[in-house]
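K.L.:
fold the following for me, if possible:
(one chain, ligands or ions: 1)
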Amino acid sequence: MFDNINIVLVGITHPGNIGAAARAMKTMGLSKMRLVQPKQFPNADATARACGADDILFNVQVFDSYEESLQDCHLVFGASARQRMIAWPVLTPKACAEQALQLQAPIAIVFGRENSGLTNKELEHCNYLVQIPTDNTFSSLNVAAAVQVITYELRMEELKQGNFDSPLPPPVSAESMEQLYQHLEQTLIDIKFLNPNHPRLLMRRLRRLFNRTQLVDSEINILRGILTATQENIK
Ligand code: SAH
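P.N.:
Here you go, the predicted structure:
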């Protein structure tokens, strides 16, 4: 999942933050990390803070040049805590996730140095800035925490679009639902729960109930099995 989304960390000073960012990424299903001029890497602190996400550190791509780290990316988001001198289009993490998931090509989400963030020159390479809406008086998150918030929104967007890790089978066809309703109606008549001369709104209410649940094949089979057993046992 998210194989086209690169998390790019620029000029990170504390290797522990690299590990923590890897951990944040892995919990949200991301795996592609790029580092631009990390102060110390590889490093035991990075591995320790990654916990079980050291596979991300193992596969990390390290770059000397910021431009090179973005070369193959078709869309670049720059995460920034501050408003900049020159206004740049700013997105919330949620809006960033919506845009990011529309594209299948490689993209980058860039995070800056712990003490000074991204330079204005670096931000010029970004199509959009992404700003986590914080309290006005204190806007700067730890870089790994910022990675967590933004990757969480990517995950939420992915879930919203229905791309689950272990997808439910698709809901059954309208034809299968109609067969279920006919079978149910007949069974309810057979057991004298439904009077066909005075049906009232019973079937409509039951349709509303089952239509809310989006049944899958195996569930329809269970329900139809119960109805058949009921019919056989009242004979
Ligand atoms: N003092 C720096 C903050 C650096 S925090 C500054 O003023 O820019 C390290 C990185 O975490 C930032 O470069 C940014 O990529 C990310 N980050 C921190 N807080 C953020 C926020 N509120 N919104 C978006 N990104 C944030």
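K.L.:
from now on I want contacts and neighbour counts done on CA atoms only, so please keep to that.
P.N.:
OK.
K.L.:
okay, and for this protein, where does confidence drop off?
P.N.:
By pLDDT under 70, the weakly predicted segments of the chain are 85, 163-168.
K.L.:
surely M33 meets N4?
P.N.:
No: using C-alpha atoms under 8 Å, M33 is not in contact with N4, being 10.9 Å away.
K.L.:
shared neighbours of the two, anything?
P.N.:
Counting by C-alpha atoms under 8 Å, 6 or more residues apart in numbering, M33 and N4 have no contacts in common.
K.L.:
higher neighbour count, the two?
P.N.:
M33 (23 against 18; other C-alpha atoms under 10 Å).
K.L.:
now for the helix or strand encompassing that one, which elements pack on it?
P.N.:
Assessed by DSSP states H and E, M33 sits inside strand 32-36. Applying 3 or more C-alpha pairs under 8 Å, 6 or more residues apart in numbering; DSSP states H and E, one finds that strand 32-36 contacts strand 5-10, helix 54-58, strand 61-63, helix 66-70.
K.L.:
spell out which parts of this protein neighbour the ligand.
P.N.:
79-82, 111-118, 130-134, 139-143, 146 (C-alpha under 6 Å from any ligand atom).
K.L.:
surely V90 touches Q131?
P.N.:
Yes: at 6.7 Å, V90 counts as touching Q131 under the criterion of C-alpha under 8 Å.
K.L.:
ok so, going back, which one of the helices and strands packed on strand 32-36 is the most hemmed in?
P.N.:
strand 5-10 (a mean of 25; mean count of other C-alpha atoms under 10 Å).
K.L.:
tell me where this protein has helices.
P.N.:
15-27, 44-50, 54-58, 66-70, 93-100, 120-123, 143-160, 174-190, 202-213, 217-234 (DSSP state H).
K.L.:
tell me which of the ones you listed is the most buried.
P.N.:
Scoring these by mean neighbour count under mean count of other C-alpha under 10 Å gives helix 15-27 as the most buried, with a mean of 24.
K.L.:
next, the angle from that helix to helix 143-160.
P.N.:
10 degrees (axes from the mean of the first three to the mean of the last three C-alpha atoms, to 10 degrees).
K.L.:
can you name the residues bridging to F111?
P.N.:
For F111, the beta-bridge partners are L9 (DSSP bridges).
K.L.:
give me the number of residues near it?
P.N.:
So F111, with other C-alpha under 10 Å, has 25 neighbours.
K.L.:
for it, give me its contacts.
P.N.:
Contacts of F111 (C-alpha under 8 Å, 6+ apart): 7-10, 78-80, 117-118, 143, 147.
K.L.:
columns distance to A46 on top of those, output as JSON lines?
P.N.:
Output for these, formatted as JSON lines (distance: C-alpha to C-alpha, whole Å):
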{"residue": "I7", "distance to A46": "16"}
{"residue": "V8", "distance to A46": "16"}
{"residue": "L9", "distance to A46": "13"}
{"residue": "V10", "distance to A46": "15"}
{"residue": "G78", "distance to A46": "23"}
{"residue": "A79", "distance to A46": "21"}
{"residue": "S80", "distance to A46": "23"}
{"residue": "G117", "distance to A46": "20"}
{"residue": "L118", "distance to A46": "21"}
{"residue": "V143", "distance to A46": "14"}
{"residue": "V147", "distance to A46": "15"}
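K.L.:
R155 - nearest residue in space that isn't next to it in sequence?
P.N.:
M28 (5.9 Å; C-alpha to C-alpha, 6 or more residues apart in numbering).
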